[in-house]
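Asker: this one's sequence-less:
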């Protein structure tokens, strides 16, 4: 798989990702790690990252991990558990690890951390595989 193609797609065509300044930092088959800088626009009135932004990071990095098989996917189910406030950090880091890549459904565990390694959320993401070129 051409991981640079995923990164180019990630940065070049997806306005929502650009709006949140997300970026991929590591990618390999079934795995993706990325980050989102904190800035005032994504904070809630309590001064912590809005839960929707944390969720968006988890979904985006999980979906990027699913794309490493060469196909196209869409989210079909997501759960997220917020474990600690996302504040007092310069960025959030999400790490997606493949649980299962089947013929129709792909499942990823995605954890979101502060820069110091403190976990702030854990998520399970399921994606429907629209097309697949992995020969599985």
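Answerer: That came through fine. Just so it is clear, the model here is predicted, and its values are computed rather than measured.

Asker: report all helices and strands that the top helix by length along the chain contacts.
Answerer: In the chain, taking DSSP state H as the definition, the longest helix is helix 51-67. Applying 3 or more CB pairs under 8 Å, 6 or more residues apart in numbering; DSSP states H and E, one finds that helix 51-67 contacts helix 3-12, strand 23-28, strand 31-37, strand 72-82, strand 91-101, strand 105-114, strand 119-131. Where C-beta positions appear, they are placed from N, C-alpha and C, glycine not excepted.

Asker: what's the angle from the longest one to strand 105-114?
Answerer: What it means is strand 119-131. Per axes from the mean of the first three to the mean of the last three CA atoms, to 10 degrees, the angle that strand 119-131 makes with strand 105-114 is 150 degrees.

Asker: in its sheet, what does strand 119-131 sit against?
Answerer: Here strand 119-131 has these sheet partners by DSSP bridges: strand 72-82 (antiparallel), strand 105-114 (antiparallel).

Asker: what does the shortest one give?
Answerer: Using DSSP bridges, the strands paired with strand 23-28 in its sheet are strand 31-37 (antiparallel).

Asker: check which residues of the strand it pairs with are buried.
Answerer: Within strand 31-37, the residues that count as buried by 16 or more other CB atoms under 10 Å are 31, 32, 33, 34, 35, 36.
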